[in-house]
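Peer 1: just a sequence and a predicted model for now, questions to come.
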Amino acid sequence: MSVANVLQTAQDQVNQILEAYKARTINRVFLVACGGSSALMYPSKYFIDRESASISAEVFNSNEFIYRNPGTLGENSLVILCSHKGKTPETTEAAKFAKSKGALTVSLMYVETAPLADESDYIVNYSWAPPGELDPHPEIANYAILYRLTMGLLYVKEGNKKYEQLLASLPHLDGIMKSIKTNYTAPGKEFAAAYKDESVIYTMASGSNYGIAYSFAICILMEMQWINSHAIHAGEFFHGPFEILDKQMPFILLMGLDETRPMEERALKFLKEHGEKFLVLDAKELDWTGVDEEMKGYLAPLALNFILRVYAVELAAARNHPLEDRRYMFKVPY
Ligand SMILES: N[C@@H]1[C@@H](O)[C@H](O)[C@@H](COP(=O)(O)O)O[C@@H]1O
């Protein structure tokens, strides 16, 4: 399929879903997935929290969604689920559960057919590239597709114009990602050399970037590198976690461009005063030419995520620990 066709197919799927939104009342969005696919949901929750006065959004682990059985889940709910290959059983079960409650179910996956697709009203196929590799279609990668669906929701329901700004900004992601690959590979190698023997690395962020810190902690460091980690919210840092900080304790701080940046700046000030071994990745250092001013805060997590994926490849190489190695995942019953 040509590039234009690939993009059009994904947008056609999104357009069909926007039509389905129009046909019903939606007052609550449940963002349901596991692991890295759950981390994906945080920026869209941030968007809905900020921009909507009538629709609320919550992020749920797939199993917890079923066990907790939210009282507000029903016919006026939109449940958006995600699973890379649409095969994670608890996410498929969550879709089935949501449908049994009368909710509209929309699932993201990068494959065309999967058990999750069979249990969903609509699906969207996103483009996906392994960590550190340039995605040929970043404007329809998972985070971008989810924004199309959530910004699209507020567009059709409340006339929120951010969806139009998103569509105008997304084509510029390709250039941003390419420049990240060019400019961050050498710093990634330096990071890898300096941190390769650490047994623990904490990550920290706030607002729309918190999910990226969470994903790097649980998926890259713990799952793919077997390095201890924990994603610390930059505001929560001062309410316990900062007691662990000394000159040797490694931290990665993400600095985004959204309204919560002052919280990340406060954490940075403290790290500078009391720590020594920390990496700061700041979205301000990127060239955002072409991206709508009001979109930068929302799109910063996508760029920070890609920088971290470039760093992950370098860390894995320096540690001689392939990102694909697993002890348990997909290998033993769980
Ligand atoms: N890093 C993620 C994990 O966090 C996740 O558990 C697994 C299955 O996820 P999915 O439901 O997206 O297929 O995929 C990746 O390896």
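Peer 2: Right, received. Where do you want to start? Residues are numbered from 1 along each chain as shown.
Peer 1: what's the closest non-adjacent residue to the most centrally placed residue in the chain?
Peer 2: For the chain, the residue nearest the mean C-alpha position is L40 (2.6 Å; Cα atoms, centre = their mean). Using Cβ to Cβ, 6 or more residues apart in numbering and skipping the chain neighbours, the partner closest in space to L40 is N142 (5.4 Å). Quick note: C-beta positions are derived from backbone N, CA and C, even for glycine.
Peer 1: list the contacts of the one you found.
Peer 2: By Cβ atoms under 8 Å, 6 or more residues apart in numbering, the contact list for N142 reads S37, L40, C82, L108, Y110, Y126, W128.
Peer 1: do the same with H233
Peer 2: Taking Cβ under 8 Å, 6+ apart as the test, what H233 contacts is M204, A205, S206, Y210.
Peer 1: looking at those residues, which is nearest the ligand?
Peer 2: Y210 (16.1 Å; Cβ to the nearest ligand atom).
Peer 1: measure that closest one to R28 for me?
Peer 2: Distance, Y210 to R28, by Cβ to Cβ, to the nearest Å: 21 Å.
Peer 1: got the CA coordinates for stretch 31-51 in CSV?
Peer 2: Extracted C-alpha coordinates of stretch 31-51, given in CSV (Å, rounded to 0.1, in the frame of the first residue of the first chain):
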residue,chain,number,x,y,z
LEU,A,31,-9.3,3.8,28.4
VAL,A,32,-8.5,0.1,29.0
ALA,A,33,-5.4,-1.9,28.3
CYS,A,34,-2.3,-3.6,29.9
GLY,A,35,1.3,-2.6,30.2
GLY,A,36,2.7,-0.5,27.4
SER,A,37,-0.7,-0.3,25.8
SER,A,38,-2.1,1.1,29.0
ALA,A,39,0.7,3.7,29.3
LEU,A,40,-0.4,4.9,25.8
MET,A,41,-3.7,6.1,27.3
TYR,A,42,-2.4,8.7,29.7
PRO,A,43,-1.8,11.6,27.3
SER,A,44,-5.4,11.2,26.0
LYS,A,45,-6.8,11.2,29.5
TYR,A,46,-4.8,14.4,30.2
PHE,A,47,-6.4,15.9,27.0
ILE,A,48,-10.0,15.0,28.0
ASP,A,49,-9.5,16.1,31.6
ARG,A,50,-8.4,19.5,30.5
GLU,A,51,-10.6,20.1,27.5
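Peer 1: and that stretch, how far from the chain's centre?
Peer 2: With Cα atoms, centre = their mean, to the nearest Å as the basis, the distance from the averaged C-alpha position of stretch 31-51 to the chain average is 7 Å.
Peer 1: tell me the spacing between L173 and A39.
Peer 2: 18 Å.
Peer 1: so what's the residue of the chain at minimum distance from the ligand up against?
Peer 2: Using Cβ to the nearest ligand atom, the single residue of the chain nearest to the ligand is G35, 2.0 Å away. G35 sits next to I218, C219, E223 when contact means Cβ under 8 Å, 6+ apart.
Peer 1: which of the contacts of N142 ranks first by neighbour count?
Peer 2: With neighbours taken as other Cβ atoms under 10 Å, the top of the contacts of N142 is C82, carrying 29 neighbours.
Peer 1: residue contacts, the residue nearest to the centre of the chain?
Peer 2: Per Cβ under 8 Å, 6+ apart, neighbours of L40: A33, C82, N142, Y143, L146, G211, S215.
Peer 1: ok, and the most crowded of those?
Peer 2: Neighbour max across those (other Cβ under 10 Å) = C82, 29 neighbours.
Peer 1: and that one, its phi and psi?
Peer 2: Here is the backbone geometry of C82 (degrees, to the nearest 10): phi -150, psi 140.
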